[in-house]
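Peer 1: Following is a predicted model, sequence given first.
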Amino acid sequence: MNQKLLVRVLLGVLALLLVAGMVVQFTGPGMSGLSLGAQRGTPALKVNGVTVTVEELERVRQGNQVLSMARDGALGEDFKTVIVDQKVREVLLSEAAGDVNVPRQEVNSQVQEIRTQNNLTKNSDWTERLSALGYTDSSFREQLRSRLAIEKKAKAIQDQAPKATEAEAKLYYDLNPGNFRSEERISARAIVVSDQKKAAELLSQIKGGADFAKLASENSLENKERGGALGAVENGRIRPVGRVALPNEASEAAFKLTSGGVTDVVKSGDKYYIVKVEQFVAPGTKPFAEAKNEALKAVENQKKNAAVERWLEGLEAKADVQVIDKSWDYYNPVVATVGDQKVQYSEVLSAMLSNPQFGQFIQQGGDQAATLVNGFFKPQVLTTIIESYGAESIVKELKLPLTGSRQELLAGLQAYGGRDAKVTDAEVRQAYEQQKAQLSTPARANVNEASFKDRQKALAFRESFVKSAGDFTQAAAKAGGTVNELGEVTAGDGKLGEVASKAVFDSGRLAPAGDGSVSDVVEANGRFSVIYVTDLVKASSQPFSAVEGQLREQVLTQKRAALGQEFVKQHLKKVKVENRLETVIKAVEKRAAQNTIKPPAAEEGNQTPDAATPQAAPSGQPEGETPNGTTQDK
């Protein structure tokens, strides 16, 4: 395992320890690449008096593939801000959890788990790898203790969150029906025997009108005391059960009987099943009474998320960050205000990097990547963040029992705004017509092609083969043709030229020949071909009736989303919003133009400025702001 991979694996394990993933979520992408805190090295920053080294910051970069893609230019400036911001948050979290006690045995247990999972059970292997990464066993355990303390602190914060109310649970239930779907179920009886012949005889009796429950009581190996009923019998009715009540083979057969009925004999393992479906219960939304506890739990989780979000923001508000190494001077201004709330630039950058497509975009964008990021990704991300910051005031204005983190409040508002969406039959039919290609299965066949220089030779070969058939390849070669064995071809996959493809799949003029059929002679690129087709499967399209329900749900979801977004947009107009993104982007570009590429101070071997020496704001800095975006008094 190489060093970078070991860092990711070890720290990925630690990240998983954080309760509900909330600390990972709010510390931004790349948490798994954060340094475990070996503080030997060149000082770069001080966070509330705690020194952060250049080496630690570089470890953050190395632990995130995207952050490693650019060191210079506007993207390099942005990535530096993300790296510093993430490291600052890690220090703040460790500081906040400093009073939490973590028993030594708990640390030892986690170390053992990490060593086992990474095949580092030998002490020599373990110490060698840690040493290569700049740690001792002792320093690693101390940092692991710190991470476990953060977990416990986050859990304590969550435990202080208020309980969910029934009103909150009911609104959550109403706005998220998809979260409370019941699976398809059946009210059914089954006869289970170990002899195939006996099963066939019982099926014959059932088809002749015999009482299924009576036969089950007399013959079944399972549930005979209740006449083979798969679910409990209450007031003469069988409680519906899901697919897990039967083995896969029997379940597959039974759940096809949506109108009720009796299956054939179905073998599963060493047993034989006959199932009588008395009622098929289609999937649907559970009634609130049945789903209430789930809804209460979901709302409680949202409240826990909100509590952690507020806690982390409180830590950040008290952060005192001093830049020691000028090469790590970073830019984190306020990029937007929403009411009296401030959105820091780093939040936009972290959200942007959390998009899994962002890394691919950077790789493919080349020299234009920064321009496209500034014109596409950042505006979209900031718009969503602004909406999430405005969500709380909108919720208060409307007096809605919504709760959760900012993003959860925004999602709740959008669901509320789209709750009354309706779908017409015409809209569903239109969606079907628009998606016919995706709902269709193209034609396919096994294809061999014989091509000739002369049309007459191709015609003569075709006529002869239709009459006498035989081996196509041998016959074509004997007739002077060149054979291309294409194997399985699907209409539109490009293996056949356009003319040949039409002759095979669209002409309707294939002539029977032996075990297959042959096309007319077709001309392409100055040669004349006869195509031999076997195992032809014609194109098929799912009928409207088969996909109507799916399409109706799809269209409804789209309409709800559109209405919900418009709902938030309209209500956000009542909130004072200032978007400074264009100004910030220009400042970043100016900084990038002024900052030449310099090796990290640790590599240069240069003396770094004293921690107490104030750093001048670089030219191009917006007036009234320090490099890290805090406001200066004038």
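Peer 2: It's in.
Peer 1: Only the buried residues of stretch 90-98, if you could.
Peer 2: Along stretch 90-98, the positions that meet the burial threshold by neighbour count (16 or more other Cβ atoms under 10 Å) are 90-97. Every residue, glycine included, has its C-beta placed from N, CA and C.
Peer 1: Ignore what I typed, I meant stretch 574-589.
Peer 2: Counting neighbours by 16+ other Cβ under 10 Å, one finds that the buried residues in stretch 574-589 are 575, 577, 579-581, 584-585, 587-589.
Peer 1: before we move on, the earlier item: go through the buried residues of stretch 90-98 and name the one nearest W328.
Peer 2: W328 lies nearest to V91 out of those, by Cβ to Cβ, at 14.0 Å.
Peer 1: Tell me where the stretch 351-500 of the chain is predicted with low confidence.
Peer 2: Across the stretch 351-500 of the chain, the stretches falling below the confidence threshold (pLDDT under 70) are 366-367.
Peer 1: tell me, how many neighbours does G228 end up with?
Peer 2: 25 (other Cβ atoms under 10 Å).
Peer 1: Report the separation between it and G497.
Peer 2: For G228, the distance to G497 equals 61 Å [Cβ to Cβ, to the nearest Å].
Peer 1: Could you do G63 as well?
Peer 2: According to Cβ to Cβ, G63 stands 50 Å off from G497.
Peer 1: Looking at the two, which one has more neighbours?
Peer 2: Taking neighbours as other Cβ under 10 Å, G63 and G497 compare with G63 leading, 22 against 14.
Peer 1: if I look at the closest residue to E548 other than its chain neighbours, how far off is Q435?
Peer 2: Leaving aside its chain neighbours, E548 sits nearest to V428 (6.2 Å; criterion: Cβ to Cβ, 6 or more residues apart in numbering). Per Cβ to Cβ, V428 is found 11 Å from Q435.
Peer 1: which neighbours do the two share?
Peer 2: L551 (Cβ atoms under 8 Å, 6 or more residues apart in numbering).
Peer 1: When the two are compared, which one has more neighbours?
Peer 2: Counting neighbours by other Cβ under 10 Å for V428 and for Q435 shows that V428 has the greater number, 20 against 14.
Peer 1: Tell me the first helix or strand C-terminal of the strand or helix carrying the more buried one.
Peer 2: Taking DSSP states H and E as the definition, one finds V428 inside helix 425-434. Later in the chain than helix 425-434, the nearest helix or strand by DSSP H and E is strand 440-441.
Peer 1: quick one: contacts of that following strand?
Peer 2: Counting by Cβ under 8 Å, 6+ apart, 539-542 sit against strand 440-441.
Peer 1: Partner strands of that strand and their direction?
Peer 2: Strand pairing for strand 440-441, using DSSP bridges, gives strand 540-541 (antiparallel).
Peer 1: Beyond the strand it pairs with, next helix or strand please.
Peer 2: helix 544-572.
Peer 1: number of nearby residues for A319?
Peer 2: A319 sits with 15 neighbouring residues when counted by other Cβ under 10 Å.
Peer 1: cool, and L372?
Peer 2: As a burial measure, the neighbour count of L372 was computed by other Cβ under 10 Å and equals 14.
Peer 1: a helix runs through it, doesn't it?
Peer 2: Yes - with DSSP: H, G, I helix; E, B strand; the rest coil as the criterion, L372 is part of a helix.
Peer 1: okay but it is in contact with F358, surely?
Peer 2: No - the pair L372 / F358 is not scored as a contact, 10.9 Å apart, by Cβ atoms under 8 Å.
Peer 1: So V52: helix, strand or coil?
Peer 2: Using three-state DSSP, the secondary structure recorded for V52 is strand.
Peer 1: With A149 as the reference, measure out to it.
Peer 2: Distance of V52 to A149, computed by Cβ to Cβ: 19 Å.
Peer 1: Settle it for me: which of the two has more neighbours?
Peer 2: The residue with more neighbours, out of V52 and A149 and counting by other Cβ under 10 Å, is V52; that gives 26 against 19.
Peer 1: which secondary element of this protein has the worst mean pLDDT?
Peer 2: Sorting the helices and strands of the chain by mean pLDDT, DSSP states H and E puts helix 3-16 at the bottom, at a mean of 36.
Peer 1: Quick check: of the contacts of strand 440-441, which lies closest to A216?
Peer 2: Using Cβ to Cβ, Q542 is the member of the contacts of strand 440-441 that lies nearest A216, at 37.7 Å.
Peer 1: what sits opposite the residue lying closest to T51 once chain neighbours are set aside in the beta ladder?
Peer 2: Counting by Cβ to Cβ, 6+ apart, P43 is the residue found nearest to T51 once chain neighbours are left out, at 5.1 Å. Using DSSP bridges, the beta-bridge partners of P43 come out as T53.
Peer 1: tell me which residues form a beta bridge with the closest residue in space to D454 that isn't next to it in sequence?
Peer 2: Using Cβ to Cβ, 6+ apart and skipping residues adjacent in sequence, the residue nearest D454 is F528, 6.9 Å away. Per DSSP bridges, residues listed as beta-bridge partners of F528: F452, E523.
Peer 1: now do the one 4 residues further on
Peer 2: Using DSSP bridges, the bridge partners assigned to Y532 are N448, V518.
Peer 1: count of residues packed around it?
Peer 2: In terms of burial, Y532 registers 29 neighbours under the definition other Cβ under 10 Å.
Peer 1: Next, find the distance separating it from F472.
Peer 2: 4 Å.
Peer 1: which residues do these two both contact?
Peer 2: Contact criterion Cβ under 8 Å, 6+ apart; residues shared by Y532 and F472: 448, 450, 465, 516.
Peer 1: Those, buried ones only, as a PyMOL selection?
Peer 2: Of those, the buried ones go into a single PyMOL selection, burial set by 16+ other Cβ under 10 Å:
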select buried, resi 448+450+465+516
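Peer 1: closest to A245 among the shared contacts of Y532 and F472?
Peer 2: For A245, the nearest member of the shared contacts of Y532 and F472 is G516. The distance, counting by Cβ to Cβ, is 46.7 Å.
Peer 1: Tell me which residues touch the closest residue to that closest one other than its chain neighbours, please.
Peer 2: Distance criterion Cβ to Cβ, 6+ apart; nearest residue to G516, sequence neighbours excluded, is T534 at 3.7 Å. Neighbour list for T534: 445-446, 515-517 [criterion: Cβ under 8 Å, 6+ apart].
Peer 1: Helix, strand, or coil at T534?
Peer 2: Using three-state DSSP, the three-state assignment for T534 comes out as strand.
Peer 1: just use 239 as the starting number from now, easier for me
Peer 2: Yep, numbering from 239; the last one is T772 now.
Peer 1: how far away is it from P750?
Peer 2: Distance, T772 to P750, by Cβ to Cβ: 11 Å.
Peer 1: Check Q300 too.
Peer 2: Relative to P750, Q300 is positioned 66 Å away (criterion: Cβ to Cβ).
Peer 1: More neighbours: these two, which one.
Peer 2: Neighbour totals were compared for Q300 and P750, and Q300 leads with 16 against 10 (other Cβ under 10 Å).
Peer 1: Could you check how far the more buried one is from L371?
Peer 2: Using Cβ to Cβ, Q300 is found at 10 Å from L371.
Peer 1: what distance separates the start and the end of stretch 736-754?
Peer 2: Stretch 736-754 has an end-to-end distance of 21 Å (Cα to Cα, to the nearest Å).
Peer 1: ah, wrong one, I meant stretch 491-504
Peer 2: The first and final residues of stretch 491-504 sit 8 Å from each other (Cα to Cα).
Peer 1: do stretch 770-784 as well
Peer 2: Start to finish, the residues bounding stretch 770-784 are 34 Å apart (Cα to Cα).
Peer 1: now stretch 566-582
Peer 2: Taking Cα to Cα, stretch 566-582 runs 18 Å from one end to the other.
Peer 1: Would you pull up how far it lies from the middle of the chain?
Peer 2: Taking the mean C-alpha point of stretch 566-582 and that of its whole chain, the gap between them comes to 29 Å (Cα atoms, centre = their mean, to the nearest Å).
Peer 1: what about I512, how many neighbours?
Peer 2: When counting by other Cβ under 10 Å, one arrives at 28 neighbours for I512.
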